[in-house]
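Q: Just need the structure, nothing else, for what follows:
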Amino acid sequence: MQFTEAQISQWLADFLWPLMRIGAMLTAAPIFSTRQILVRFRMLMAVLITLVVQPVLPASPVVPVFSADALLIAVQQVAIGASLGFLMQMTFNALVYGGQVMAYSMGLGFANMMDPTNGVNVPVVAQFWLILAMLAFLLTNGHLILISAIVDTFYVVPVAADGITRAGLWELLSWASRMFAAGLVMALPIIVSLLLVNIGMGVVARAAPQLNILVIGFPITLMMGFILIWVTLPQVMTNFGNLVTETFAFSSTVLSAR
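A: Residues are numbered from 1 along each chain as shown. I've put the predicted structure just below:
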């Protein structure tokens, strides 16, 4: 059995370019990019996914390895994969932002714990939301949908030297404002409710100056905060699911705008 140089070059191109795009997505996407997952395991996962999906992908262009076109193609593949992972990362960070705002409102801003995703300290309430969101994401096969989305990008944006445009990069950066808006919407009912509780405490302190409002105010605010977390948790998870769906739709729009 003999193989020509053109066949070997085509096989390498069909494997190398999808591997770079899928590997970049796994490096930037939530859950896959956590510190608990070893880099070697992440690389092995990227290789296995590439081997499985490579037969159904469009043929990749064959260019010399040491050329300007090959460098542009490599940059585009990494940019496309990292963009999809970055968008999903911002979706999960919306929960972290909303939890931080809510924790400061109920007086738990001092209670921090390590976030395994980003390696930084975040309030306990934000970490609670983040863990539930990760479990919901895995239970609804969100990780499989994410892998399916990166495979679909090969049909929307085939492997080529031109991929994401400047307008697409600007839209990706502007999506960061959506993260803050979504996080604030998730925490807004609790923030408003605790604000009304604090206003009531102020009225009580004004009507009965002999009460030590600093002593009784913190336990009441803390208790009301936990009750509101329990009451609003289904709505928060629903908003998170809608945000994930919106993120997938937005990523398809940005990547298809060539």
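Q: could you dump stretch 134-153 to CSV, C-alpha only?
A: Only the C-alpha atoms of stretch 134-153 are listed here, as CSV (Å, rounded to 0.1, in the frame of the first residue of the first chain):
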residue,chain,number,x,y,z
MET,A,134,-22.8,23.3,36.6
LEU,A,135,-24.9,20.4,37.8
ALA,A,136,-27.9,21.6,35.8
PHE,A,137,-25.7,22.2,32.7
LEU,A,138,-24.4,18.6,33.0
LEU,A,139,-27.8,17.0,33.7
THR,A,140,-29.3,18.7,30.7
ASN,A,141,-26.4,17.5,28.5
GLY,A,142,-25.1,21.0,28.0
HIS,A,143,-21.6,19.7,27.6
LEU,A,144,-22.7,17.5,24.7
ILE,A,145,-24.6,20.5,23.1
LEU,A,146,-21.4,22.6,23.5
ILE,A,147,-19.4,19.9,21.6
SER,A,148,-22.1,19.7,19.0
ALA,A,149,-22.0,23.5,18.6
ILE,A,150,-18.2,23.5,18.0
VAL,A,151,-18.7,20.7,15.4
ASP,A,152,-21.5,22.8,13.7
THR,A,153,-19.1,25.7,13.3
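Q: Only the buried residues of it, if you could.
A: Of the residues in stretch 134-153, those scored as buried under the neighbour-count criterion (16 or more other CB atoms under 10 Å) are 134, 137, 142-143, 146-147, 149-151, 153. Just so you know, the C-beta spots here come from the backbone N, C-alpha and C atoms, and that holds for glycine as well.
Q: starting at the chain centroid, how far to it?
A: The offset between the C-alpha centroid of stretch 134-153 and the centroid of the whole chain comes to 11 Å, using CA atoms, centre = their mean, to the nearest Å.
Q: what's the answer for stretch 44-52, then?
A: 21 Å.
Q: Then stretch 131-140?
A: When distances are taken as CA atoms, centre = their mean, stretch 131-140 is centred 12 Å away from the chain's centroid.
Q: Next: stretch 197-206.
A: Put simply, stretch 197-206 sits 39 Å off its chain's centre (CA atoms, centre = their mean).
Q: residues of it that come out buried?
A: In stretch 197-206, residues buried by neighbour count (16+ other CB under 10 Å) are 197-198, 201, 205.
Q: coming back round to it: redo the buried residues of stretch 134-153 as a markdown table? Include distance to residue 23, pLDDT and secondary structure.
A: Output for the buried residues of stretch 134-153, formatted as a markdown table (distance: CB to CB, whole Å; pLDDT from 0 to 100; DSSP: H, G, I helix; E, B strand; the rest coil):
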| residue | distance to residue 23 | pLDDT | secondary structure |
| --- | --- | --- | --- |
| 134 | 21 | 85 | helix |
| 137 | 21 | 85 | helix |
| 142 | 19 | 82 | helix |
| 143 | 16 | 84 | helix |
| 146 | 14 | 86 | helix |
| 147 | 12 | 86 | helix |
| 149 | 15 | 84 | helix |
| 150 | 10 | 86 | helix |
| 151 | 14 | 86 | helix |
| 153 | 14 | 82 | helix |
